[in-house]
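Enquirer: Next comes the sequence, and after it the predicted model I'd like to discuss.
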Amino acid sequence: MTNSNVLQIRKIIFENFNEIDLRFSNDEIYEFLNKNDDFDKSQTIDDLVNDFKKIEDDGLVRCIAQNFTTQWFKIFDDVEKINCTSCHSDVYLGKEESRICPNSDCNATL
Ligand SMILES: [Zn+2]
């Protein structure tokens with residue numbers, strides 16, 4: 001199973017919320033996801049809980065507040081765009097994260 005949701009969320013954060021002091025929510029990211037052709041729009045915000053958990057566990061973001069299903073996040077550090085030469089795709093990593101391709105089909109060292 002592909003981790004397309006996580007990869008799309010990383011890109012959305014890079015493009016829209018790439019500022020350390022900025023706070024953003026899962027609902028805001030969900031709105032951006034729904035504009036992506038690659039996103040399976042039958043998924044609700046509740047279906048993405050594990051994807052948001054994953055980017056927290058990976059050290060891209062931290063959850064700073066929660067109100068029912070709305071979670072607020074901040075990034076730990078600037079997010080960089082890196083071209084992975086193994087899977088030939090652009091991937092998005094926080095500066096402090098392990099230099100491992102976040103594409104679960106790849107996992108190459110960057
Ligand atoms: Zn890769």
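Expert: Yes, it's here.
Enquirer: buried sites along the helix or strand encompassing Tyr30?
Expert: Using DSSP states H and E, Tyr30 sits in helix 26-33. For helix 26-33, the neighbour count (16 or more other C-beta atoms under 10 Å) marks 26, 28-30, 32-33 as buried. For the C-beta atoms, the positions are set from N, CA and C on the backbone; glycine is no exception.
Enquirer: what's the closest of those to the ion?
Expert: Among these, Leu33 lies closest to the ion (C-beta to the ion), at 21.0 Å.
Enquirer: shouldn't that closest one be in contact with Thr44?
Expert: No: between Leu33 and Thr44 there is no contact under C-beta atoms under 8 Å: 11.0 Å.
Enquirer: got a list of what Ile64 touches?
Expert: 23, 72-74 (C-beta atoms under 8 Å, 6 or more residues apart in numbering).
Enquirer: you'd agree it is in a helix?
Expert: No: Ile64: not assigned to a helix; according to DSSP: H, G, I helix; E, B strand; the rest coil it is strand.
Enquirer: can you pull the pLDDT of it?
Expert: Per-residue pLDDT puts Ile64 at 97.
Enquirer: Count the residues that sit near Asp40.
Expert: The local packing of Asp40 (other C-beta atoms under 10 Å) involves 10 other residues.
Enquirer: and if you look at Asp57?
Expert: 9.
Enquirer: same question, the one 3 residues further on
Expert: Applying the criterion other C-beta under 10 Å, we find 24 residues in the vicinity of Leu60.
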